[in-house]
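[1] pasting the structure only:
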């Protein structure tokens, strides 16, 4: 069975293993991001600001190299992009705050909850009830989230609140994707990321200052590695590879993120997972794959977090 989509791109002639490697490495790179958010000596929201601001010149370069235009966006579309970028800035702020309060595996899973929420949003727009597989995705998501939230509450109220911040980030990410749907048809992924970063950076900086966070790092190493892993390598490889794969492969590759994050949490922060944690993660992970299968048949959205 051919796992690759033939989209008429010259990249389709590349070896399948190379595209798959790009997809997996991109997911692993994104999963390492929360580690460096914790290591940064800025505040968590400030780290999000630097993640976007320092990557912006590279995003502009990638857009130019891909032949994507950066100007000429209609005013109405620009308003939707600005709204989406505001949601993305709040998503990043909420997720980065949650990363410092809960386990890395939980943070990564809940931060990616936008896939399930997008599927549910599709039912509302279409005014239709879910099909059997979609009901299963919703049931897995709710059951898995309940288990993980309950386990966090057993550990401490701080971990539970951290999970809620990460869940809020997943909701905000879905809002971000919904608002950018129209722009995706006219502008490429790189040019949209440029505009989103332009709108998001001042919002993140304002939130960081309002929270009294330290903004300027004394040690730039974690911040620079965060930019490299989350934006340049992670986003770069995913934008390159995602359009070539079926929703099933994309969903399965997505599961490397919580696995990687959990391994980092265990090895670097002594975050031990029990059988119930693995069950909850398996249920939420299954929901993400099923949601990808549902939404991917209608659109091939960018995964980010």
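    Sure, I can see it. Keep in mind it's a predicted model, so treat the numbers as computed, not measured.
[2] Tell me how many other residues surround residue 155.
    13 (other C-beta atoms under 10 Å). For glycine as for every other residue, the C-beta is placed from the backbone atoms N, C-alpha and C.
[3] for residue 75, same thing?
    6.
[4] For it, list the residues it contacts.
    Residues near residue 75 by C-beta atoms under 8 Å, 6 or more residues apart in numbering: none.
[5] how close does it sit to residue 191?
    17 Å (C-beta to C-beta, to the nearest Å).
[6] Equivalent analysis for residue 102, please.
    34 Å.
[7] how many other residues sit next to residue 218?
    If we define neighbours as other C-beta under 10 Å, then residue 218 has 7 of them.
[8] Distance of it relative to residue 42?
    As judged by C-beta to C-beta, residue 218 and residue 42 stand 9 Å apart.
[9] Now for residue 25: which residues touch it?
    233, 237.
[10] Kindly recompute the last result at 6 Å.
    residue 237 (C-beta atoms under 6 Å, 6 or more residues apart in numbering).
[11] where's it, which helix or strand?
    Per DSSP states H and E, residue 25 falls inside helix 16-39.
[12] Tell me how far that helix lies from the chain's centre.
    Relative to its chain's centre, helix 16-39 lies at 11 Å (C-alpha atoms, centre = their mean, to the nearest Å).
[13] quick one: pLDDT of residue 130?
    You'll see residue 130 listed with a pLDDT of 71.
[14] quick one: the strands in the stretch 151-300 of the chain?
    Read by DSSP state E, counting those that start in this stretch, the stretch 151-300 of the chain holds no strands at all.
[15] pLDDT weak spots in it?
    By pLDDT under 70, the weakly predicted segments of the stretch 151-300 of the chain are 185, 242, 246-248, 251, 294-300.
[16] at 90 instead, please
    151-159, 170-171, 173-193, 230-300 (pLDDT under 90).
[17] can you tell me which residues contact residue 15?
    Counting by C-beta under 6 Å, 6+ apart, residue 15 makes contact with nothing.
[18] ok, it to residue 142 distance?
    Here residue 15 is placed at a distance of 40 Å from residue 142 (C-beta to C-beta).
[19] Check which helix or strand residue 69 maps to.
    Assigning secondary structure by DSSP H and E places residue 69 outside every helix and strand.
[20] And the spatially closest residue to it that is not a sequence neighbour, how close does it get to residue 67?
    The spatial neighbour of residue 69 that comes closest, neighbours along the chain excluded (C-beta to C-beta, 6 or more residues apart in numbering), is residue 191 at 6.2 Å. Distance, residue 191 to residue 67, by C-beta to C-beta: 10 Å.
[21] burial of residue 160, as a residue count?
    19.
[22] And for residue 253?
    Residues near residue 253, counting by other C-beta under 10 Å, number 23.
[23] surely it meets residue 22?
    No. If you go by C-beta atoms under 6 Å, residue 253 and residue 22 don't touch, sitting 10.1 Å apart.
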